[in-house]
Structures are given as structure tokens and as C-alpha cells.
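K.L.:
Take this sequence and fold it.
(4 chains)
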There are 2 protein chains.
Amino acid sequence: MAVSPRPSLTESRRQDILAAASAAIAERGLCETRIADIADNIGASPALILYYFPSKAVLLTEALIYQDRLFAESVKEALEGATTAVEKFSILIEASCPRPSRSGGATDGWTLWPAAWEMSRHDPTLASARARLDEAWRAQIADIVDEGIASGEFRPLNSTDFAIQLAAMLDGLAIEVMLGDPTVDADRMRGLANAFLDLALKTPVSGTT
Amino acid sequence: MAVSPRPSLTESRRQDILAAASAAIAERGLCETRIADIADNIGASPALILYYFPSKAVLLTEALIYQDRLFAESVKEALEGATTAVEKFSILIEASCPRPSRSGGATDGWTLWPAAWEMSRHDPTLASARARLDEAWRAQIADIVDEGIASGEFRPLNSTDFAIQLAAMLDGLAIEVMLGDPTVDADRMRGLANAFLDLALKTPVSGTT
DNA sequence: GCGCATCCTGAACGGCAATTCAGCGTACCG
DNA sequence: CGGTACGCTGAATTGCCGTTCAGGATGCGC
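P.N.:
Predicted coordinates:
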């Protein structure tokens, strides 16, 4: 459940702060997030934040990395119940759909991705963490595809290429959903993602000409 | 060439500033961009910026909208020479590939998209402009598909759904390329996008079972 | 040459927000 | 019971940066 191997006493406080920072970024936006906002989210003083983190900058990058990891772990956990490849894909797609902005509960991880991308451009630490997790995400997709091919659920294809395509499409769709694009809501996103799955994985290879 | 119908004398100065602001955001990042940076880019004083724009905030949103429009126009222009649907798609894909960071020349529009997404979350003006331009972008894709279907280049399919899928995939791929993901460079992006086109547009409909 | 509008600037101003610091409570240890 | 370490805070402090303003230059019509 916890991200790090053994959260020490102060480690749990650090995670509270990381969560509070994530929430603040989701709510106010990356640029408008002040240390005071983060402190408010856990009912503490601004000085406390700087007691656990050396500066606002590193806190923000750590918060974005933290959320990325949480997302990766929650998906991995959700996949454990599934058996067939088709089932697993439906879980992946569901996880990729931005929720209609839960107020109160855990931060909707999706909201933070544009912030993470924007920040990655100048923050090597965040950039490499993000790249690593993204690679893992694609590998997960590729594994499911290979599994489905082995079980005969899917036709043979290059699973690595497909993984990049699907991951990209999900990112792009999620952006639209998250921004409230009137023509792409979560249902539409699910439908289009599934249509791509059907097309790419189930279409039999057509003979030449 | 100009974005607005009739650029007045001061309008051209405004555009200089919008371009300078875009460059600054691309270079320093959305949060780290100061008015002084924008002023430096055109060799002027910070006060000049506020002479043409009421505040930093509106300048930034206008700059992001400006760049979006520039991108849309440049694509529309590039498409004029093309005749076949296949040709047009190759232009669209090429336009979607982030360039290897031109230094000096026009800002690589791609760099600004995460900033635009992040800002759209809280800026209704930017959000609606972005949604409108995105809709136009997808409509352009759909038109080309319909054209290709009519000419027999493509098999019949729902062009609107396809447009959303392709636009999303291009967005997602471009993010990876822009962030320098080691496994997705511009060439790979082109290849995967074209593979999706082939799969979706040229695969003959397979009979039931 | 004169007046005026436009464009632009240097030099304040003011406020905000990150960071620092000195110290208070408290729990634990002996 | 002291003493010590830790967790935490309120109140400075500090520097930055958006914004304002009072004017200088420049060009143009008369």
C-alpha cells in the first residue's frame, strides 16, 4: 500500500504533505500553488512544509512523482483480480478515464499530468521518473497483448508498437475528457478506446491484395 | 498571413509581444516566465509589455491562443498544395511531429501544449479557444477521411470517431517525442501514426466470423 | 517651428510569498 | 523528576516582480 518500503514515522508525514501538495496543484494549478495552500490542506503552518522539504521546488517535483507512482500501483493492484487479457484491458481503460472530479477524496491523478509534462521539460528528476513509469505502463500493455496472443484471444502483432499507440491514444483522449471537451466525454473515450482495441487486436490479418 | 483580419500599426507590435511571450514560455516554462523575460526577447522594457496588455495573466492566455491559431493556419496552408487524401495525412502527421527544438526560429508550437492544457483548467477564455481549435482540427481530419472514402482511397468508416482517435494518438505521441522519451522519437512517431492510418483506413471490412 | 498624439522608458512602489529563526510544547529516556 | 530530541509554529525577513507613473523622445500635421 505504501510507496516506499518502510515508511518511518516522519515518512508518513512526508506523504501527507506530498498528497496535500498534489491536491493543491490539482485544485489551484501548478503556477498558482503556494506553500500556504499546501499547508492549509493539512491544517498546518507553512513553516512545517519547509521543515520536511528543502524547498517548494523539490516538493512539487516529488509530489508529481509520488502521484505517478500511486497511479501505477493502483492500476497494478486493480489488475490482480483479472484473468483474461480482454478483462485486463477493460481495467486499464477504466483507470485511464478521468473521473468527474471527485471532490474531497483522493486527487484525480489525471489532473496532474499536464502539470507533470510541463514541469518535466525543465526538471530532469521528474523527467526521468516520468519516463521510467511511462515505459513501465507501456510494458504492462505489451505484456497483456502477448498474453492475449498466446491464449488465442488476439491475433499476432507487434505488442511493443501497439502499446505505444494505445498509451498515446489514451493520453490524448484523457486530455480532452479532463478539459471538458463537449464532444469527448468519458463514455465516448471508453467507446473509442475499445474500438481501437477491436480493430488492432481482433482484426484478422488480411491476405495481400 | 496575419491572424486577425486587419492588423493595425499597434496590432503588429502586439503580435511581436505575443510571439516573444510564447518563446519565453517555451524556453523557461509557464511558471518561470517573468514579464522581464518577455521584454528581453524583443529588446524592450518590461513597462512596454504592460503598455500593450492589461496584465501578465491575460498576455499569457492570449499568447497561448495566438500560438494555437498560428499552428492551425500553418497546417491549413500546408494542406493547400496536397491533392490526395493520403498526401494530406502525411502533411498532418508531419505537422504533428515536434521538431528537434529549433533554436532561434519560430517557437516550436508543441512545447506550449502542456502549458496550454494546464492553464486551460482554470482559464475559461483559453479553454474555449482551445476547444474550438481542437474541434476544427478534428473536423479537418474527418473531412480528409470522407474525401478519401469518396475517392475510393479508404474503406467506409465513421470519420468522426476516427478523427478523435487519430488526434488523440498524435497528441499522445507528440508528448513523448517532445519530452525526449528514449523509445519514442519523431521517426517512430511517424511510423506508428502511419501504421494506425493503414490499419484503420485501408483494412477491408472482414465478414462476420 | 509648434502642438499634439503615440510609443516608449527608468525609476519608484507595493505586496506577496518563500524562506529563516528563535523558541514553545511534549514525549520519551534516564 | 531533569534533560534532551523532536515536531511544530508565529513572527520576522528578504528579495523579487508585477504594476504604476511621470515624463522623454519621435514623428506628423499645420
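K.L.:
Run through the residues of chain A sitting next to DNA strand D.
P.N.:
Chain A comes close to DNA strand D at residues A:Leu9, A:Thr10, A:Arg13, A:Gly43, A:Ala44, A:Ser45, A:Pro46, A:Ala47, A:Leu48, A:Tyr51, A:Tyr52, as judged by CB under 7 Å from any atom of the strand. Placement of C-beta: from N, CA and C, glycine included.
K.L.:
Now for the residue nearest to A:Ile93 when sequence neighbours are not counted: which residues touch it?
P.N.:
Once flanking residues are discounted, A:Ile93 sits nearest to A:Ala193: 4.9 Å by CB to CB, 6 or more residues apart in numbering or on different chains. By CB atoms under 8 Å, 6 or more residues apart in numbering or on different chains, the contact set of A:Ala193 is A:Ile93, A:Ser96, A:Leu166, A:Met169, A:Leu170, A:Leu173.
K.L.:
Columns pLDDT and secondary structure on top of the residues you listed, output as JSON lines?
P.N.:
Shown next, in JSON lines, are the contacts of A:Ala193 (pLDDT from 0 to 100; DSSP: H, G, I helix; E, B strand; the rest coil):
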{"residue": "A:Ile93", "pLDDT": "97", "secondary structure": "helix"}
{"residue": "A:Ser96", "pLDDT": "96", "secondary structure": "helix"}
{"residue": "A:Leu166", "pLDDT": "98", "secondary structure": "helix"}
{"residue": "A:Met169", "pLDDT": "98", "secondary structure": "helix"}
{"residue": "A:Leu170", "pLDDT": "98", "secondary structure": "helix"}
{"residue": "A:Leu173", "pLDDT": "98", "secondary structure": "helix"}
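K.L.:
Show me the shaky parts of chain A.
P.N.:
Counting by pLDDT under 70, the ranges of chain A that qualify are A:1-9, A:101-107, A:203-209.
K.L.:
Get me the contact residues on it for DNA strand C.
P.N.:
A:Thr33, A:Arg34, A:Ile35, A:Ala36, A:Pro46, A:Ala47, A:Leu50, A:Ser55, A:Lys56, A:Ala57.
K.L.:
Recalculate using a threshold of 6 Å.
P.N.:
When proximity is defined as CB under 6 Å from any atom of the strand, chain A approaches DNA strand C at A:Arg34, A:Ile35, A:Ala36, A:Pro46, A:Ala47, A:Leu50, A:Ser55, A:Lys56.
K.L.:
got these as CSV, with secondary structure columns?
P.N.:
Shown next, in CSV, are the residues of chain A next to DNA strand C (DSSP: H, G, I helix; E, B strand; the rest coil):
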residue, secondary structure
A:Arg34, coil
A:Ile35, helix
A:Ala36, helix
A:Pro46, helix
A:Ala47, helix
A:Leu50, helix
A:Ser55, coil
A:Lys56, helix
